[in-house]
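Q: Quick one: sequence and predicted model below, then my questions.
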There are 2 protein chains.
Amino acid sequence: MVETVQWTEDGVVMIDQTRLPREEVYVTCRDYREVAEAIRSMVVRGAPAIGVSAAMGVALGVLKASEEDLDGQVEVICETLAATRPTAVNLFWAIDRMKRLYASLRHLPLSEIRERMVKEAQQIKQEDIAINQAIGRFGADLVPDGKTVLTHCNAGALATAGYGTALGVIRAAVAAGKRIDVFADETRPFLQGARLTAWELQQDGIPTTLITDNMAGHFLKSGRIGCVVVGADRIAANGDVANKVGTYSVAVLAKENNVPFYVAAPISTLDMTLESGDQIPIEQRSPSEVTHVFGVEVAPPGISVENPAFDVTPSRYVTAIITERGVARPPYTESLRKLVSMPASALP
Amino acid sequence: MVETVQWTEDGVVMIDQTRLPREEVYVTCRDYREVAEAIRSMVVRGAPAIGVSAAMGVALGVLKASEEDLDGQVEVICETLAATRPTAVNLFWAIDRMKRLYASLRHLPLSEIRERMVKEAQQIKQEDIAINQAIGRFGADLVPDGKTVLTHCNAGALATAGYGTALGVIRAAVAAGKRIDVFADETRPFLQGARLTAWELQQDGIPTTLITDNMAGHFLKSGRIGCVVVGADRIAANGDVANKVGTYSVAVLAKENNVPFYVAAPISTLDMTLESGDQIPIEQRSPSEVTHVFGVEVAPPGISVENPAFDVTPSRYVTAIITERGVARPPYTESLRKLVSMPASALP
């Protein structure tokens, strides 16, 4: 299986997700600025993978930092990485975790700070894989046997350190012997579904059918879809979910057709400081993502474009939120608070 | 303004809609088989434009037919053209009209049959433009002033002999002084919105913003969309609407957000022989439309694909159907029957 993000002696190595599935190319980021640029340009994407990458970016920054004004340098490193993308909260969660660790280490010799920061970033990566496997175990039970699972965007191994959130649920359901197949929305404009989800599941031998985003409603109405499972970029305290643009539409169409709509995400995706999804910042990306496909122009020059990268699904459309600590159901204000405050010993 | 379909001395001339907006290339069909192929390969598309093209195809067939077994030849011409695409009923309506005319002329000399058939095809084209202008007049009243109109696919001049159905409503609203702008769904896989609607409206100077299909829900929720207007490929007696895939999703999302959803279509799009939309045949097109964009592969080789070209919107999501004879509202079984049986003298 492909490694999304790796810590190596040369730097942080990522598979270039802008070029999949046409080419399997790896990018080596040799300083934290290159990590920031890789996140911004979506060489690496997916909320958990961004978190892991940012943690490694901080570690790489500290590794290359000089002794003089280390506090100031760490501040700049963290700010640079935090400024890359606004919506996925895992980015800020990971940077904060690295910052807090640094604060506890700053009295130590630089060599020891470096070693501990690098170890922490690698630890965040390992934890992410374990978290996804736990999400998969909880989620597998919810997947109806003998039907099709619809997913949007890529919440797979490529969106995480490995295994995936939504695709982790699908992998766990298949491993548990459920006879399911997958419908993958192509997910314009970046085509994460066509390029990444289809590719990942194909490599795993899980039967997958690619559809355009606007076909999801038609198939939800047809009765063949047993459930929808998607990932999340940020979840507010009331259970509103920010995720790849188009998720809201799928959620409304699922509810209209009585198909359960599940969100699979680690606890680090919860932003309990936000009362509702209205407060989640939505990233606007370049018009060229919409007007060009692999460099080919598909619209008349000069046309206006809107390109919000995410939308917010109000919690009333969400059947359940699957985390590594268990499954939250409405009312989410209570169920999510309970999961967040769960002691670490209760983890699977 | 561009001419979608023209009758010329050399044959039936069409602008090649597979190559817009990158190239303005015209295709000349010199016999009816070439017209059939142009319809099948979507050089010309859009229910009314297909109807006009098929009528011209029948005329061209008769023009080139020999005296021997003319009845048999006409039969083959009509069958060939009818076998091109299954969903848009305007195709069959136009062929039937030409067939009925032929039946009334078959005792006449071939030269006169030819002349009358060619005239009829040209007449169908002229009527289509007048019909669209009437649809525009009825529809313009329904468009809220000062807001955005969302449309899906291309129901414009390029989908008709000229002026358009849904875009005719928009053109008429602008002509009536309404301050509106347009959001155009790009409409995967064939990108009629990005390639054709954006281009058409840009040429008319109507402010247009291109979005991907999966963004429509986000903007319908935002409150900026005043109404949705789309075309139709076939409407059943109960008001169920077959139209470009994705229309159903937009209709559900419009209803969920209390945004009126209008269908603009000529009476020839009504199929009163079908009780409901469940009986409308849905065309499945080539997987390569989904996996390739202008020849560029966007998905892993060998992936399964579904590619239904249309979906059916149940009439409960349709606020009104705008025709050249007036606006039908629920219950459609009654309102549509009334419009269909309206005497020709009542036409605008």
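A: Right, received. Where do you want to start?

Q: Next, the buried residues of the helix or strand A:D96 falls within.
A: According to DSSP states H and E, A:D96 maps onto helix A:89-105. Along helix A:89-105, these residues count as buried under the neighbour rule (16 or more other Cβ atoms under 10 Å in any protein chain shown): A:89-95, A:97-99, A:101-102, A:105. Placement of C-beta: from N, CA and C, glycine included.

Q: Now flag whichever of these is closest to A:S66.
A: Ranked by distance to A:S66 (Cβ to Cβ), the buried residues of helix A:89-105 are led by A:Y102 at 15.2 Å.

Q: Surely the closest one is in contact with A:R114?
A: No. Shown here, A:Y102 and A:R114 do not form a contact pair, counting by Cβ atoms under 8 Å, at 10.6 Å.

Q: roughly how far apart are the residue located most distally from the centre of chain A and A:M117?
A: Centroid-distance maximum for chain A: A:E68 at 35.6 Å, with Cα atoms, centre = their mean. Counting by Cβ to Cβ, to the nearest Å, the gap from A:E68 to A:M117 is 18 Å.

Q: what about the closest residue to A:Y102 other than its chain neighbours, neighbour count?
A: For A:Y102, ignoring the flanking residues on the chain, the nearest one in space by Cβ to Cβ, 6 or more residues apart in numbering or on different chains is A:V74 at 5.5 Å. The number of residues packed near A:V74 is 21, by other Cβ atoms under 10 Å in any protein chain shown.

Q: host element of A:V74?
A: Using DSSP H and E, A:V74 sits within helix A:70-82.

Q: relative to helix A:89-105, how tilted is that helix?
A: 170 degrees (axes from the mean of the first three to the mean of the last three Cα atoms, to 10 degrees).

Q: Determine the set of other helices and strands touching helix A:70-82.
A: Secondary-structure packing of helix A:70-82 (3 or more Cβ pairs under 8 Å, 6 or more residues apart in numbering or on different chains; DSSP states H and E): helix A:32-40, helix A:47-64, helix A:89-105.

Q: Would you format those helices as TSV with distance to B:N243 and mean pLDDT included?
A: Shown next, in TSV, are the helices and strands packed on helix A:70-82 (distance: least, Cβ to Cβ, whole Å; pLDDT from 0 to 100):
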stretch	distance to B:N243	mean pLDDT
helix A:32-40	39	98
helix A:47-64	35	98
helix A:89-105	39	98
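
Q: Can you show me the strands along the stretch 151-300 of chain A?
A: Ranges of strands in the stretch 151-300 of chain A, per DSSP state E, counting those that start in this stretch, are A:181-185, A:208-211, A:225-230, A:234-236, A:241-244, A:261-264, A:270-271, A:292-293, A:296-297.

Q: any chance of those in TSV, plus mean neighbour count, mean pLDDT and distance to B:Q123?
A: Putting the strands of the stretch 151-300 of chain A into TSV (neighbours: other Cβ atoms under 10 Å in any protein chain shown; pLDDT from 0 to 100; distance: least, Cβ to Cβ, whole Å) gives the following:
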stretch	mean neighbour count	mean pLDDT	distance to B:Q123
strand A:181-185	25	98	45
strand A:208-211	24	98	41
strand A:225-230	24	98	47
strand A:234-236	28	98	59
strand A:241-244	30	98	50
strand A:261-264	26	98	52
strand A:270-271	23	98	64
strand A:292-293	18	96	41
strand A:296-297	14	95	39
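
Q: Tabulate the ones you listed in JSON lines, adding columns for distance to chain B.
A: As requested, these are exported to JSON lines (distance: least, Cβ to the nearest Cβ, whole Å):
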{"stretch": "strand A:181-185", "distance to chain B": "7"}
{"stretch": "strand A:208-211", "distance to chain B": "4"}
{"stretch": "strand A:225-230", "distance to chain B": "12"}
{"stretch": "strand A:234-236", "distance to chain B": "15"}
{"stretch": "strand A:241-244", "distance to chain B": "8"}
{"stretch": "strand A:261-264", "distance to chain B": "13"}
{"stretch": "strand A:270-271", "distance to chain B": "20"}
{"stretch": "strand A:292-293", "distance to chain B": "4"}
{"stretch": "strand A:296-297", "distance to chain B": "5"}
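
Q: mind listing the helices for chain A?
A: Secondary structure of chain A (DSSP state H): helices at A:32-40, A:47-64, A:70-82, A:89-105, A:110-140, A:166-175, A:192, A:198-204, A:216-222, A:247-256, A:288-291, A:332-340.

Q: tell me the domain boundaries of chain A?
A: For chain A, automatic domain parsing gives the domain ranges A:5-132, A:134-346.

Q: okay, these, which one's buried deepest?
A: Comparing these by mean neighbour count (mean count of other Cβ atoms under 10 Å in any protein chain shown), domain A:134-346 ranks first with a mean of 22.

Q: Dump the strands of the stretch 151-300 of chain A into CSV; add distance to B:C227 as well.
A: Formatted as CSV, those follow (distance: least, Cβ to Cβ, whole Å):
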stretch, distance to B:C227
strand A:181-185, 26
strand A:208-211, 27
strand A:225-230, 28
strand A:234-236, 30
strand A:241-244, 27
strand A:261-264, 27
strand A:270-271, 35
strand A:292-293, 30
strand A:296-297, 30
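
Q: re earlier: need the residues touching each of A:Y102 and A:R114.
A: A:V62 (Cβ atoms under 8 Å, 6 or more residues apart in numbering or on different chains).

Q: Would you mind naming what in the stretch 51-200 of chain A lies close to chain B?
A: When proximity is defined as Cβ under 8 Å from any Cβ of the partner chain, the stretch 51-200 of chain A approaches chain B at A:152, A:183, A:185-189, A:191, A:194-195, A:198-199.

Q: Skipping adjacent residues, who's closest to A:A176 in space?
A: Using Cβ to Cβ, 6+ apart, the nearest residue to A:A176 is A:A140, at 4.8 Å.

Q: same check, this time on A:T160
A: A:T160 sits nearest to A:P48 (Cβ to Cβ, 6+ apart), 4.1 Å away.

Q: ok now do the one you found, which residues does it touch?
A: A:90, A:128, A:131-132, A:159-161, A:165, A:266, A:268-269.

Q: if we go to 6 Å?
A: Counting by Cβ atoms under 6 Å, 6 or more residues apart in numbering or on different chains, A:P48 makes contact with A:90, A:128, A:160.

Q: a markdown table please, covering the residues you listed and showing distance to B:Q284.
A: Shown next, in a markdown table, are the contacts of A:P48 (distance: Cβ to Cβ, whole Å):
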| residue | distance to B:Q284 |
| --- | --- |
| A:N90 | 40 |
| A:D128 | 40 |
| A:T160 | 35 |
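
Q: List just the nearest of the residues you listed to B:G217.
A: Nearest member of the contacts of A:P48 to B:G217, counting by Cβ to Cβ, is A:N90, at 24.2 Å.

Q: wouldn't that closest one be in contact with A:S268 here?
A: Yes. Between A:N90 and A:S268 there is a contact under Cβ atoms under 6 Å: 5.2 Å.

Q: Now do A:V263 against A:I135, distance only.
A: Counting by Cβ to Cβ - A:V263 and A:I135 are separated by 10 Å.

Q: Same check on A:E256?
A: 27 Å.

Q: ditto for A:R97
A: Computed as Cβ to Cβ, the A:R97 to A:I135 distance reads 19 Å.

Q: do the same with A:G177
A: 19 Å.

Q: before we move on, back to that, quick one, which of the strands of the stretch 151-300 of chain A gets closest to A:R33.
A: strand A:234-236 (24.9 Å).

Q: list the helices and strands that closest one packs on?
A: Using 3 or more Cβ pairs under 6 Å, 6 or more residues apart in numbering or on different chains; DSSP states H and E, no helix or strand is in contact with strand A:234-236.

Q: Can you name the residues that contact A:I267?
A: A:I267 neighbours (Cβ under 6 Å, 6+ apart): A:T323.

Q: pLDDT value on it, please?
A: A:I267 carries a pLDDT value of 98.

Q: Please report how far it lies from chain B.
A: 26 Å (Cβ to the nearest Cβ, to the nearest Å).
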